[in-house]
Structure formats: C-alpha cells, structure tokens
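Trainee: Here's a sequence, model it:
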Amino acid sequence: MSAFKLSRRAFGKLAGAVVASFSLTPFAEFALAEAELPIDLRANRRLDGWIRIDVEGNVVIFTGKAELGQGILTALTQIAAEELDVDPARVRIIAADTTRSPNEGYTYGSQSVERSGAALRVAAADARAVLLGAAARRLDVSPSGLSVENGVIVSAGGRRVTYAEIVRDERELLAREVTATGVPKQPSEYRLVGKSLPRIDLPAKFTGGAAFVQDMRLAGMLFGRIVRPPRHGAKLVSVDDAAVRRLPGVVAVVRNGNFLGVLAEREEQAIRARRALIDAARWSDDHVPLPDVDHLKEALPGWQSDDSVVGIAGQDTPASEAAIQLEAAYSRPYLSHASIGPSCSVALFRDRHMTVWSHTQGAFPLRGDIATVLGLPASAVDVVHVPGAGCYGHNGADDVALDAALLAREAAGRPVKVQWMRDDEFAWAPIGPAMVMRAKAALSGSGRIEDWNYDLWSNSHAMRPGQPGGVNLLAAWHLARPFPPSAPARIPQPYGNGDRNAVPVYDLPRRKVSNHQLVDAPVRNSSLRTLGAYGNVFAIESFMDELALAANIDPVAFRLAHLHDPRAIAVVREAASRAGWKPATKGDGQRGRGFAYSRYENHQALVAIVIDVHVSRSTGVISVTNVIAVADVGRVVNPDGAKNQLEGGIVQALSWALKERVMFNRREITTRGWQDYPILTFAEVPPIEVTLLDRPDEPSLGAGECSLGPTAGALANAVANAIGIRLRDLPLVPKTVLERLA
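Mentor: Below you'll find the model as predicted:
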C-alpha cells in the first residue's frame, strides 16, 4: 500500500471508531518484566499503537519501519494476520509516519522482521486474547472454548460474534498497554507465516502507479531544484538572479548563505531555471584537499585514527610455534548508493506546521533534525515515509527532505517537490567509506589456525540524522547560520560500524581484531548497505582461502574444521552439496569456482555462497556464470520475499565487486553520472539459485544484507581459482586483471 493513500481524515475516523485516544507515550507500569517483551514493545507499549480494528472488522497495523523494497509490508502483514486469524486482504499497514507509527528508530541492519515483526507478533496475539476475552463475556463461555476464523469468533456450540461487533460495542477495547497475556501461535499452527504471499507493494510499481515519492502529485504543487557548490568547501560569493526570476514559471529564487534553490510551476521549468542559476552563481575557489584515489590502500593506515580492540581471545596464552605464517592486505573503494531514482521529497508548510514526505530510513530522527534547523518544535513537524526508487542505506533522502522543507517555507502554503539531479546524487549524497584490511595468521602443522591478527582502517559508516551533537543534513551546513555535523558514531560489537563482521565467525583460540576508525573524512561518508561487513567478509573469506591453499586443504573442509555451530555447518555443507563441490579442484586458467561463508553481524542470518566465473585472458573481463546460495534466516515468514532479498544482495555485491568505484581528483568528486559509474547490467546478471534452510522454531532473522559479503569473497576466490593469481583490491576490473596476468 502506498504510504500516502490513507488520508489523515480517514485515519481519524478509523481511530475514532476504535479508541477514544491515541498516544505512543510508554506506560510507567506494565504487566511483564521488561526483558520478556520484544525490544520495540518496551518503548512503545500501547496496544492500539500497533493494532486497530474498525467497525467493519478491518485491521490496521502500524510499524515504525520503512518499506525500502525489502518486502517488509507483506511480511509484517502476514505476521499480524496469522496471530489475529484474519485474511491478509483485510489488513492495512501504516509504516514510518511520525504522527501514527510507533517510534522504531531507523530501518537498518536487516532488523525489520526480527524486531518489528517480533513486536507485532506479540501485540497481535495480545489483541486476539483481548478480543477472545470480550467474546467470552458476550457468549458467557470460557475463552478456551472459542476459535477464530477470519475475524469471526465461534463457540463450541456454534454461537458467533465478529471482531467488528465487539469493537462497535467496546470502542476502547484495545486502548491499553501490551501485557503479552496472549500466547503467540506455535509454528505447527501457522497457515500464513511460511507462505510466499504476493508482495503488496509491487502492483503499483509494475503498473506505473503512485509507487514512489518521485510519483507524488499534490494539488497546487510547486517544483524545486537546488544549486550546490561546485565542490566541498566552496562558498557562494554572489548570484545575479534577476534573469532567472524572469524565466517562465519561476516563482522564487531562494538563497540562505551557501544554500541556493529555485521554485517553479512545472518541473521542466525548475530544471531550466537551475541551469541558469548555475551560470549566474559565482563561487570561491575554496576546497577540501582530497587524497590520491589510486593510492588509498597505502594512505589510509597513515591517517589519524581512533583505535580500539573489538575482538580479542587467548592473548594470555603464549602463541605456539607455527608451521606456516601468512599475511595479506585487502581494500575496498568509496562506493555510491547509485539508486536508479534520484533522491526526492515533498514538503508542505501551512499554519506553522511542516509535513514532509520522504524516503528516509528514519522518520523520527529526521523529524528532529528538520525541526532543529527550522526552529520549530518537533510536534510541528510530521515526517511520512513514502518509498523511493532505490535505497541501500543513508543516501540523499534525508538531505532532500530538508531541501524541500526550506523551499516550502517560501511557497506560501503550496506543496513543494524537490528532486535531485544525477550529478547531485553522485557528488553530494553520502557515500560508503573506503576500507583497508590487513590480516595475519599462523597455522599449525595440521592446518589449524593458531593465531589471528586483523586490522582495519576506515571512516565511520554511521553519520545519520538524529545523532547527538549536530545535524547531519547537507543544507544545514550551507545556511547563513550553519548547523555543524555530529561527531562520528561508534557502534559496539556485534553490530559494529566499519568493524561490522571484522571479528571472524570461526573458532580461533587466539585472536586480536583492531579497528582504526579514521578521524577526518576527506569526502562525506555514511551508511551503505552492510556498513563494514561487505569489506570485512571479503577480506576474511579471501584470507581463509589463502590459508587453506597454504595448508594444502580444500577451502570447504578448511572452513568446516574451524566451525562448531551446527547451523553454520549445515549451511556450509548444504551449499557445497547443491553446488556439487569437488574438493581441491583447480581452475583451468579461465574458469574457476569459489566458496565463502559468513554470519551477518556474527549473530544474524547465515549464508554460504558458491560462484562460478569465466575470466577472459585477452580482455580481463570477469563473467559470473552461476551462483549458488544457501541461507539460514531462522523462521521464514515469506520465502519468496527472503529469496528476493538474498538475490538482490548478490546482484548488488557483484556490481560493487566488479565495477563500482567513486572517483575524485585532489579538489572534487569527478564521478557525476552513469558514464563515470557503471553498474551491473541485466545481461550480466548470472543464474542465481537460493535455498532456505527453514528453522520454524528459531526467531526470524533479516535477509537484507547477509549475502553481500560472502558474494564478494566467493567471487574473489573463484577468480583466484581460475587464474591462479590473488586479487585483493576491489573492484576486480579488467585493467587490474590484465596487469596481474601480464
């Protein structure tokens, strides 16, 4: 369901039909100990903050998580419908709306089903128990003798009452705190969870409907564009905008310090005015000095860093004498989000109240930062999530939301839509930081890893809105009275920041993992899908293959020898089996096969990947010919949705590993369009086979990010297997292949 289809007026009627009041303020007292409730219920205890039922028996559920294309609206609908015993078609979901949804922070870390799903499961079971209690009183029977089918409660004697009838008579029935007195179903009772129900967000996307914020149209809408400085550090000296103001359709030119924008009646008029405004603006030559993009691997370890040990074991025991010692260094470049749809937002400022429609990952944190910049109380700002055409982390969605809000203040009560141009997207949206990883290990004579040392250098991968001590929104830094950004965040293990998945999942009796978080960032960094896990798993899994080769042990057998977790062993063995893995098989100089395994954040989904490649020795082009993936994501809510996520992660990781790299000179980012930043084409996407090891008795685990790291590792291992040469620096472009083959 499109996030802007249900009007606030209609919502108000629904709310009035169910409860007398609605507040997300946590209760001071509650029935269960805090640790017994899912974490997101601990902060949002109102039952009617999660579930409401109207007088016709239709259900509205609420989540603070955002639909980013990962299919969570469908999965969460399935979970709630399962526990309430209603048809999913009768369930509507409201996602990430600051006036209507529970505050669940950001949608990140593949935690939506794990956290919001767990909360909705308990809340729905609680609501069902409350409704059964009300029915039992009406029918004068015990609740234990009642059953439910599609919202109809039936007694053993055949007497019936519907959810709708109960709600009509007891409108405040769900206006209470969640007590978890309702018992969620056992997996053996499921009839919806575990089924591949059709995605509810796809029809509008497939048919050209209003699927994305880019599609939004409101009555009287104005269209805006922003003129950014030509480079970081440049200041606006002057702008002769008289000619721009006279252009057809131009309503206003807005300047505030180094923030410069234009409003027009039509979108093409705004684009034309932006071009004219670029020509009319004069900027200083100031710039932030940038490093040599071709020598980041050598440079990063020399930069000032905030150092910490994030994983240590066995250091009180002297290292045993090793038969083999190995050391290697790996790197990943700066990466762009490269979303197909540029960042976009709609804002309306009317009666001292700002409403912003945004494809943000964090509606509540964004609301706080926008309120701060505009000098408004948070209660005067409403952020409504609307999906965007491509979201893989902290992209420009939050920035363009503030752009739209700043222009909307000058729009005399008319809604304003701002969409970035492609050069804005590449030059100004946050990018994924570059990383350097060094691994050193010692092997015993039997091929066991006796000692492991790992160091990584990278900037913070978390500079999102809502962090304390500053405002992490682009336009806020360009205003006449600027707001400084916050300090770089540290995220503790096992979640991690640049050090996510830096601690190996293998049994290593003696290990030390050090994170060197770089203090100064030459370019704007923040969260990109997996944070540091993509780079760390690439390095660790590459090094595991190098160690296996040094020990003369098959790579799969080497991994199994260092695993004890039965779930990990099952995933590795199943992947090898499905791929028809033949131990210690060498490539033929062009064709090769690689294996990799990881558990995301060391406690979430488990994934093993097998990749087959062909490497052209004449052109250096690496072609991926087949991918086998096996994953354990715990209880599978929607198998098709989980596979979609794993497949999408594999495709994006292949694109990153084979092609993608943000380029810059010593003054500015030079990547400005698709001609500078190629991505994987449809024709280059290989056959992908995904197998899920369903664990119905285990908690659900997110599938959105777990496949990227092992994909990069398996790819690098396949290339090394094919040509007998190890490539340790991403991306694996033809130029590098040819240089190494020469």
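Trainee: What ranges does the stretch 251-400 of the chain have for its strands?
Mentor: Ranges of strands in the stretch 251-400 of the chain, per DSSP state E, counting those that start in this stretch, are 259-264, 281-283, 305-313, 324-332, 344-350, 353-358, 381-385.
Trainee: scratch that, the stretch 451-600 of the chain
Mentor: For the stretch 451-600 of the chain, applying DSSP E, counting those that start in this stretch gives strands covering 511-518, 591-599.
Trainee: For stretch 238-250, list every residue counted as buried.
Mentor: For stretch 238-250, the neighbour count (16 or more other CB atoms under 10 Å) marks 239, 241, 244, 247, 249, 250 as buried. Yep, even glycine has a C-beta here, placed from its N, CA and C like the rest.
Trainee: swap in stretch 372-389?
Mentor: Quick answer for stretch 372-389 (16+ other CB under 10 Å): 372-374, 376, 380-389.
Trainee: End to end on it, go ahead and measure it.
Mentor: By CA to CA, to the nearest Å, the extent of stretch 372-389 from end to end equals 28 Å.
Trainee: any idea how far residue 727 is from residue 441?
Mentor: 19 Å (CB to CB, to the nearest Å).
Trainee: Which of the two has more residues huddled nearby?
Mentor: residue 441 (25 against 21; other CB atoms under 10 Å).
Trainee: Contacts only, for the more buried one.
Mentor: Taking CB atoms under 8 Å, 6 or more residues apart in numbering, we find residue 441 in contact with 325, 326, 327, 449, 451, 452, 453, 543, 547.
Trainee: ok so, going back, what's the most distant pair in the buried residues of stretch 238-250?
Mentor: By the measure CB to CB, 239 and 249 form the most distant pair in these, at 19.0 Å.
Trainee: wait, residue 135 sits on residue 144?
Mentor: No: taking contacts as CB atoms under 8 Å, residue 135 lies outside contact range of residue 144: 11.9 Å.
Trainee: Counting neighbours around each, name which of these two comes out higher.
Mentor: residue 135 (24 against 8).
Trainee: Assign the more buried one to helix, strand or coil.
Mentor: helix (DSSP: H, G, I helix; E, B strand; the rest coil).
Trainee: how about it, what does it touch?
Mentor: So residue 135 contacts 143, 146, 153, 161, 166 (CB under 8 Å, 6+ apart).
Trainee: If burial is judged by neighbour count, which of the residues you listed pass?
Mentor: Listed as buried from those are 146, 153, 161, 166; burial here means 16+ other CB under 10 Å.
Trainee: Narrow those to those in helices?
Mentor: Counted as lying in helices by DSSP state H, out of the buried ones among the contacts of residue 135, are residue 166.
Trainee: nearest residue to residue 597 other than its sequence neighbours?
Mentor: The spatially closest residue to residue 597, leaving aside those adjacent along the chain, is residue 608, at 4.4 Å (CB to CB, 6 or more residues apart in numbering).
Trainee: What pLDDT is listed against the one you found?
Mentor: Predicted confidence (pLDDT) for residue 608: 99.
Trainee: got the angle for the helix or strand harbouring it vs strand 591-599?
Mentor: Counting by DSSP states H and E, the element that carries residue 608 is strand 606-615. Here the directions of strand 606-615 and strand 591-599 differ by 160 degrees (axes from the mean of the first three to the mean of the last three CA atoms, to 10 degrees).
Trainee: Please could you give me each C-alpha atom of strand 606-615, formatted as PDB?
Mentor: What follows is strand 606-615, C-alpha atoms only, in PDB (Å, rounded to 0.1, in the frame of the first residue of the first chain):
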ATOM      1  CA  LEU A 606      23.900 -17.400   8.000                       C
ATOM      2  CA  VAL A 607      24.900 -17.600   4.300                       C
ATOM      3  CA  ALA A 608      27.200 -19.700   2.100                       C
ATOM      4  CA  ILE A 609      27.800 -18.800  -1.500                       C
ATOM      5  CA  VAL A 610      29.400 -20.700  -4.400                       C
ATOM      6  CA  ILE A 611      30.300 -18.800  -7.500                       C
ATOM      7  CA  ASP A 612      31.500 -19.900 -10.900                       C
ATOM      8  CA  VAL A 613      33.400 -17.500 -13.100                       C
ATOM      9  CA  HIS A 614      35.000 -17.200 -16.500                       C
ATOM     10  CA  VAL A 615      38.000 -14.800 -16.900                       C
END
